[in-house]
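Chemist: How does the following fold in three dimensions:
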Amino acid sequence: MIDFAAKFAEGDTYEAFLAKHGTDEHRRRWSDFHASIALTDSQRKLLAGFERDMKVLCLAGAWCGDCVNQCPIFDHFAKATKRIALHFFDRDAHPDLAGELKICGGARVPVVVILSEDDQEVARFGDRTLAKYRSIAASQLGPSCPTGIGAPPAELTAAVVQEWLDLFERAQLILRTSARLRQQHGD
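Modeler: Residues are numbered from 1 along each chain as shown. Model (predicted):
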């Protein structure tokens, strides 16, 4: 079992991850998608209301189309609240983490692990949201690997943003209602 707390310190910021692991073309794709994301007022208000610190590890690949179309969302979440510390890890540069976070027996990306302020695992999720899987099933019902070359439809992006936010909110509520943390914080 991997020590996520120790691993967290090895991670990169969003910008450093792309600078280290992405080509110019990767960075352009991530930047284009990042610019297309606009959190709603209610989403920003929700994130700004987070009261517990969360450490978020994101296993990703700069080359990965699913990462292009999801990881910039996490950066928007982290920028909307001081409570999210977000670190990225390249799947190939961190085989220990990739091995721990396999999905359906494979080294998939992106995968997110959320830790409490005192390094307890709260949640893990990846590699695509339900809306994305529904979209893939409806259009292909077969093997696919989105390239990230073209942006997904706006309504799909909005659904994916909301589904990821629901997962981050769930983790925050686990932290807020934790008897252990409530006693520690006196709330």
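Chemist: Tell me which residues of the lowest-mean-pLDDT helix or strand in the chain come out buried.
Modeler: Scoring the helices and strands of the chain by mean pLDDT, DSSP states H and E places helix 130-139 at the bottom, with a mean of 86. By 16 or more other CB atoms under 10 Å, the buried positions in helix 130-139 come out as Ala131, Lys132, Ser135. Any C-beta I mention is one placed from the backbone N, CA and C, and that applies to glycine too.
Chemist: mind listing the strands in this structure by residue range?
Modeler: 54-60, 84-90, 111-115, 121-126 (DSSP state E).
Chemist: Let me have these in CSV, extended by distance to Arg170, mean pLDDT and mean neighbour count.
Modeler: Shown next, in CSV, are those (distance: least, CB to CB, whole Å; pLDDT from 0 to 100; neighbours: other CB atoms under 10 Å):
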stretch, distance to Arg170, mean pLDDT, mean neighbour count
strand 54-60, 11, 98, 25
strand 84-90, 14, 98, 22
strand 111-115, 9, 98, 23
strand 121-126, 7, 96, 18
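Chemist: got TSV for these, with distance to Lys7 too?
Modeler: Below are these laid out as TSV (distance: least, CB to CB, whole Å):
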stretch	distance to Lys7
strand 54-60	7
strand 84-90	8
strand 111-115	9
strand 121-126	11
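Chemist: Can you read off the pLDDT for the closest residue to Ala131 other than its chain neighbours?
Modeler: The shortest distance from Ala131 to any non-neighbouring residue, by CB to CB, 6 or more residues apart in numbering, is to Ala159 (3.7 Å). We have a pLDDT of 94 for Ala159.
Chemist: any idea how far stretch 24-31 is from the chain center?
Modeler: The chain centroid and the centroid of stretch 24-31 are separated by 18 Å under CA atoms, centre = their mean, to the nearest Å.
Chemist: and what of stretch 62-80?
Modeler: With CA atoms, centre = their mean, you get 6 Å for stretch 62-80.
Chemist: what's the answer for stretch 115-123, then?
Modeler: 15 Å.
Chemist: Same question for stretch 125-140.
Modeler: Taking the mean of its C-alpha atoms, stretch 125-140 sits 15 Å from the chain's own mean (CA atoms, centre = their mean).
Chemist: again, but for stretch 57-74
Modeler: Counting by CA atoms, centre = their mean, stretch 57-74 comes out at 7 Å from the chain centroid.
Chemist: In this structure, where is pLDDT below threshold?
Modeler: Applying pLDDT under 70 to the chain flags residues 141-151.
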